[in-house]
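1. the following comprises the amino acid sequence and a computationally predicted model.
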Amino acid sequence: MTLDKAVLSFAGLVVLTGTVLAALVSPWWLLLTGFAAVNMLQASLTGFCPAAMVFRALGVRPGTAFN
């Protein structure tokens, strides 16, 4: 798995988790989904992605998007 796929998979997992928890537990979990969306937008504009830094430190091989 490349760094790009790891970051996209993690973002999708966070969005899905927030959505399911909002439906089953409390609508306040939509804040998690919103946080993920803001972080993805920020990463697309600035190129800075904290998740990519963590995955890189864990030894995930680089992809093309997060250099």
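-> Here it is on my side, so go on. Numbering: from 1, shown residues only.
2. which residues in the chain form helices?
-> Counting by DSSP state H, one finds helices in the chain at the ranges 3-24, 30-46, 50-57.
3. between these, which one is nearest to residue 64?
-> Closest to residue 64 of these, according to CB to CB: helix 3-24, at 6.4 Å. C-beta coordinates here come from the backbone N, C-alpha and C atoms, glycine included.
4. nearest to residue 63, of the helices of the chain?
-> With CB to CB as the measure, helix 3-24 is the member of the helices of the chain nearest residue 63 (3.3 Å).
5. mean pLDDT, distance to residue 65 and mean neighbour count added to the helices of the chain, as CSV?
-> What follows is those, written out as CSV (pLDDT from 0 to 100; distance: least, CB to CB, whole Å; neighbours: other CB atoms under 10 Å):
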stretch, mean pLDDT, distance to residue 65, mean neighbour count
helix 3-24, 95, 5, 15
helix 30-46, 95, 9, 14
helix 50-57, 93, 8, 16
